[in-house]
Structure formats: C-alpha cells, structure tokens
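Enquirer: Predicted model, plus sequence, below.
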Amino acid sequence: MGLPGALVARLEALSGARVVGVVRLRGGDVNRAVAVELDDGRSLFVKWRRDAAPGEFASEAAGLAWLRVDRGLPLPEVRGYGDPEDGEGAPGFLALEFVQPGRVTLSERELGSGLARIHLAGAAAHCAPAPGASRDWWWIGRLRLPLPAPGATPPSWSVAYAEHRLRPLLGIAENRSLTAGCRHAVEGVCERIGELAGPEEPPSRLHGDLWTGNIQVGHNGRPWLIDPAASGGHREVDLAMLELFGTPGPGFFDAYRDVAGLDRDYPKRRALWQIMPLLVHAALFGGGYGVAAERAARAYL
C-alpha cells in the first residue's frame, strides 16, 4: 500500500475510517507525501518521515492554524499528526485535508491581497513561533534553528535575522559545499545587518517558506498556502523568497500594496533576505546554493 502498517493504523484510528487506497505524490524533497483514500469517500494528504524530530509536525500544524486569518488565504485543515515515538513503530506524520488541484490560472491579485492580510495579522515578536508550536526550535524543511530564549527581550528584526537565522544556518551548512569565502561574506553581512536591514517594522505573521512550490492552485483558481515554516518576522522575507525561484506578476504586487503598502527600497533588500533560503538549500541539498548565497551576500559588502 506504500505506507507503513503502523501509520495506516494511526490514520484509521484518527479518521474513524478504513484506508482503501494510497497514491504517492510528486515532490517531497524532505518528507514522503501521499494521497490517502478512505472508505467513507474522504481523502487525506499525508506527509511522513521516520527521522522527524519530536514536535516538528505539531509545529507545522500550529503554523497552519495561525496563518488562517480573516480574508486571508486558505490553508488545509489539520486532521492529525504524531511524533515518531508515538504508536507502535509509526513514523512522524502530518495528515491534512486533501486540496483538489485545479487546472486554471492562479489569481495573482488574490494571492497578493491575501498574503498582505496574513502579514498584517502580526506576531508577538520577531522569530516568535505560532501559538502551540515549539518554543525552542524553528523548523524549515528538516532543519531546526534555535529560537530566542523564552523571557528574553525580543530582538529587533536585524538582530533576529543575523543571530537566529543566518549564523545558525552557517553552522548547519558548513560541511555542505560552503566555501570559506561564503562564510566570510555572510559573516560580513551579519556584522553590517543594522545598516542593511532598512527601517524597523512591527513583526509580521510569516509563512516562512514561501517559494512557488508551496502555493497550490485549487479547483476554482484560488491560491492555497501549504508547508509553512511560520514565525514572526519582516514581511519582505516572504516576498523575497517568493521571487527567488520565480517572479509573481505585477498584479500580485499591486494587490499587496493596495492592502499593506510596501517600502520603495524593498528591491534593494531583496537579495539580502534571499541569503537565508539559499543557505537552507545549501544545508539540505548542497550543490551550487552555497555559491549563490555567497554571491548574494557579497552584493552588500
């Protein structure tokens, strides 16, 4: 059936229905992903991994709930989750409602206005996790980065970006194709981040892993957000990541500005915020991502 028997048992227990079909889905560089058909006619999207860390999928589930705001963008409902330690040998998993993909063009204006409303919903602090998520770690992919200590003075975004994003990622990725030149360039950016980061803004509510592959088009053309790494932060980070592997059309930015405005100097900082996802990719996949991160960092030195 393509799923461990212990996971099938857990899915049947939480759904109250029998699993009658499993279809492997494309993608899934970090987790395995399947569509699960139940005997009562419902379908689930299930992602799973045997080496998932305790709390990892619970944190993603909390982020999905947190990002669901009035007049924002739809996100799949959580049907259940579990750590690898739970149950009789079941891997860690997250079960969601299955979003039927569409064959129509994405509404870029709806994506822009909906994302702006999520950002404006705000967060308690920069790097603050979603309510119910881990208070110690921020997960992106299978990587985990330390959060500011509970009770500590909330950092400015520039400090948070350097100390809780870039420097930890350098430590994680140092054995995955990062050259001494890349480390030097990113450290240089961290030293200058106060003058590079632009004007401070209140913390926004971020998706956190907003590349084009994490935007799904529903059957009616509505954009759905999936696979978040939600936290508080600077909203330009979401926008910059969205432009890293593909560029949304002008309708997206027009709609975003209509709702939330956007500093005119954002394009000058775009590559600054792209250093983080490039280091994430360098840590996960190696290849040329370290070179790309170095190139982005050197533009600010």
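Expert: Nice, thanks for sending it over. Numbers count the residues shown, from 1 in each chain.

Enquirer: Run the chain-centre distance for the helix or strand bottoming out on mean pLDDT in the chain.
Expert: In the chain, no helix or strand scores lower on mean pLDDT, DSSP states H and E than strand 215-217, which sits at a mean of 89. Centroid separation for strand 215-217 versus its chain: 14 Å, with Cα atoms, centre = their mean, to the nearest Å.

Enquirer: now the next helix-or-strand element following that strand: mean pLDDT?
Expert: Note on strand 215-217: by DSSP states H and E, the next helix or strand toward the C-terminus is strand 223-225. For strand 223-225, mean pLDDT rounds to 93.

Enquirer: Please tell me how far strand 223-225 is from the chain's geometric centre.
Expert: Worked out by Cα atoms, centre = their mean, strand 223-225 lies 13 Å from the chain centre.

Enquirer: Show me what it pairs with in its sheet, parallel or antiparallel.
Expert: When sheet partners are counted by DSSP bridges, strand 223-225 sits next to strand 215-217 (antiparallel).

Enquirer: Need the residues that contact the partner strand.
Expert: Strand 215-217 has contacts (Cβ atoms under 8 Å, 6 or more residues apart in numbering) with 99, 101-102, 104-106, 111, 223-226. C-betas here are computed from N, CA, C, even on glycine.

Enquirer: next one: stretch 70-78
Expert: 45, 61, 64-65, 67-68, 94-99, 110-111, 113-115, 117-118, 121, 218, 222-226, 228.

Enquirer: and if we set it to 6 Å?
Expert: Stretch 70-78 has contacts (Cβ atoms under 6 Å, 6 or more residues apart in numbering) with 61, 64, 67-68, 96-97, 99, 114, 117-118, 223-225.

Enquirer: Next, the buried residues of stretch 227-245.
Expert: 227-244 (16 or more other Cβ atoms under 10 Å).

Enquirer: again but with stretch 162-170, I slipped
Expert: For stretch 162-170, by 16+ other Cβ under 10 Å, it's 162-166, 168-170.

Enquirer: cool, and stretch 36-46?
Expert: Quick answer for stretch 36-46 (16+ other Cβ under 10 Å): 36-38, 44-46.

Enquirer: So of the residues you listed, which two are at opposite extremes in space?
Expert: Greatest spatial distance in those: 38 and 45, 12.2 Å, computed using Cβ to Cβ.

Enquirer: picking that back up, possible to save the buried residues of stretch 36-46 as CSV with pLDDT, distance to residue 156 and secondary structure?
Expert: CSV is the format used below for the buried residues of stretch 36-46 (pLDDT from 0 to 100; distance: Cβ to Cβ, whole Å; DSSP: H, G, I helix; E, B strand; the rest coil):
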residue, pLDDT, distance to residue 156, secondary structure
36, 96, 44, strand
37, 96, 49, strand
38, 96, 48, strand
44, 96, 41, strand
45, 96, 37, strand
46, 96, 39, strand
